[in-house]
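Trainee: return atomic coordinates for the entry below.
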Amino acid sequence: MTIRNVFRVVSALALVCGVLSALPMGAQTPATGTIIGTVRAAPTGVALPYAVITIPALARERFSGANGQFVMTEVPAGTHAVTVRRIGFVPQQLTVTVTASGISTLDPQLVQIPVRLT
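Mentor: Residues are numbered from 1 along each chain as shown. Presented below is the predicted three-dimensional model:
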């Protein structure tokens with residue numbers, strides 16, 4: 001084998017390796033989990049329907065159902081700041097840690113804003 005042929009083989013192998021390294025390594029899905037919970041009034045524990053549950057950093061938002069329950073799926077794994085608010089109640093800031101393929105529970109209790117009629 002001449003030096004010219006060796007150079008061609010090495011060049012071809014380098015080209016193949018370069019092309020293969022640029023290809024994605026299969027379908028990789030991001031690690032996500034689910035947040036579930038029930039929004040309640042403090043101190044009574046009465047379920048609060050139609051509260052807004054938000055993860056501002058992800059621009060994700062859900063509403064609690066008529067029974068106060070909510071489900072937020074496909075949340076990236078990690079620790080997230082969550083805001084829960086409802087008309088007539090003090091907004092609550094919480095932190096939740098989501099694990100890959102896991103279910104994290106968040107059960108906020110909102111304090112009612114006192115209203116005075118004047």
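
Trainee: so where's the chain shaky on pLDDT?
Mentor: 1-29 (pLDDT under 70).

Trainee: rerun that using 50 as the cut-off
Mentor: 5-7, 9-10, 12-23, 26 (pLDDT under 50).

Trainee: ok, which stretches of it are strands?
Mentor: Assigned by DSSP state E, the strands in the chain fall at 32-38, 40-42, 52-55, 60-63, 69-76, 78-85, 92-98, 103-105, 109-111.

Trainee: dump the ones you listed to a markdown table, plus distance to residue 117 and mean neighbour count.
Mentor: Placement of C-beta: from N, CA and C, glycine included. Formatted as a markdown table, the strands of the chain follow (distance: least, CB to CB, whole Å; neighbours: other CB atoms under 10 Å):
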| stretch | distance to residue 117 | mean neighbour count |
| --- | --- | --- |
| strand 32-38 | 31 | 18 |
| strand 40-42 | 20 | 17 |
| strand 52-55 | 26 | 19 |
| strand 60-63 | 29 | 14 |
| strand 69-76 | 32 | 16 |
| strand 78-85 | 23 | 16 |
| strand 92-98 | 26 | 15 |
| strand 103-105 | 38 | 13 |
| strand 109-111 | 20 | 16 |
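
Trainee: in TSV, list the ones you listed along with distance to residue 118.
Mentor: Formatted as TSV, the strands of the chain follow (distance: least, CB to CB, whole Å):
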stretch	distance to residue 118
strand 32-38	35
strand 40-42	24
strand 52-55	29
strand 60-63	32
strand 69-76	35
strand 78-85	25
strand 92-98	27
strand 103-105	41
strand 109-111	22
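
Trainee: quickly list what the most centrally placed residue in the chain is bridged to.
Mentor: Centroid check for the chain by CA atoms, centre = their mean gives residue 75 as the closest residue, at 2.1 Å. According to DSSP bridges, the partner residues bridging residue 75 are residue 33.

Trainee: which ones are touching it?
Mentor: Taking CB atoms under 8 Å, 6 or more residues apart in numbering, we find residue 75 in contact with 32-35, 55, 58, 60, 98.
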